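Q: this one's structure only:
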């Protein structure tokens with residue numbers, strides 16, 4: 001997942017940094033110990049443990065050199081969207097003059113690694129048929145999908161569709177519009193973009209069908225009654 005040259009360079013920098021950067025403040029919050037635990041876990045391939053340790057260290061001391069390792073652990077775990085969010089947070093945070101060259105290098109690493117990751121990120125384009133985005137609620141793996149990612153028939157600023165970044169692997173899509181519900185599973189590989197179409201009956205069509213069924217029930221065998229009632233449904 002992560003390129004070897006900068007990875008081992010990063011490990012070396014971090015090892016040196018462990019003994020020299022902000023030890024008094026780090027020790028008071030246990031950041032040094034968490035840093036060492038995270039590094040050891042990462043080297044051992046225990047990326048879940050590395051993520052936990054680096055996340056806690058970053059919470060206590062939000063340094064770029066800690067944040068970039070928490071992002072790298074997420075990449076290894078296949079949590080690419082979450083890693084991208086962590087990289088973005090680091091890039092929005094400036095390095096202060098007193099933080100040193102290691103922090104500036106970590107921020108540069110975050111920018112490069114994020115760009116590499118975004119080229120590998122799977123994407124979904126969710127297309128709607130029969131309804132507009134305001135008439136349907138869509139979730140992927142239980143998380144709500146914003147309306148900007150639900151593409152109706154109308155032309156917008158994204159003629160090819162605004163794609164939603166997702167992690168590699170399988171995902172469960174649930175879409176609800178009124179009484180209509182759809183569920184489907186999709187699987188995406190690294191770098192893949194897939195189109196998913198969700199087909200719904202128009203809400204007005206559903207209303208007319210319900211009205212027609214009620215007419216049939218109310219009028220029973222009276223054909224004239226049924227025809228008049230059905231006409232009112234469509235008007």
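A: Yes, it's here. Computed from a predicted structure; not experimentally measured.
Q: Contact partners for the residue lying closest to residue 123 once chain neighbours are set aside?
A: For residue 123, ignoring the flanking residues on the chain, the nearest one in space by CB to CB, 6 or more residues apart in numbering is residue 163 at 3.7 Å. Any C-beta I mention is one placed from the backbone N, CA and C, and that applies to glycine too. Counting by CB atoms under 8 Å, 6 or more residues apart in numbering, residue 163 makes contact with 123-125, 149, 193.
Q: Highest neighbour count among the residues you listed?
A: Greatest neighbour count in the contacts of residue 163, by other CB atoms under 10 Å, goes to residue 124: 21 neighbours.
Q: part of a helix, is that residue?
A: No: Residue 124: not assigned to a helix; according to DSSP: H, G, I helix; E, B strand; the rest coil it is strand.
Q: per-residue pLDDT, it?
A: Looking at residue 124, its pLDDT reads 94.
Q: Show me what counts as buried in the lengthiest helix in the chain.
A: Determined from DSSP state H, the single longest helix within the chain is helix 101-120. Buried positions in helix 101-120, judged by neighbour count with 16 or more other CB atoms under 10 Å: 102-103, 105-107, 109-110, 113-114, 117.
Q: what does the average pLDDT come to for that helix?
A: 95.
Q: tell me which element residue 185 falls in.
A: Following DSSP states H and E, one finds residue 185 within strand 180-188.
Q: For that strand, buried residues please.
A: In strand 180-188, counting by 16+ other CB under 10 Å, buried: 180, 186, 188.
Q: With distance to residue 48 as new columns, can the contacts of residue 163 be given to me in TSV?
A: Below are the contacts of residue 163 laid out as TSV (distance: CB to CB, whole Å):
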residue	distance to residue 48
123	26
124	26
125	31
149	29
193	28
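Q: what mean pLDDT would you report for the host helix or strand of residue 173?
A: Counting by DSSP H and E, the element that carries residue 173 is strand 169-177. The average pLDDT for strand 169-177 rounds to 95.
Q: mind checking the SS state of residue 94?
A: Judged by three-state DSSP, the three-state class of residue 94 is coil.
Q: pLDDT wise, what is it at?
A: Confidence score, pLDDT, at residue 94: 89.
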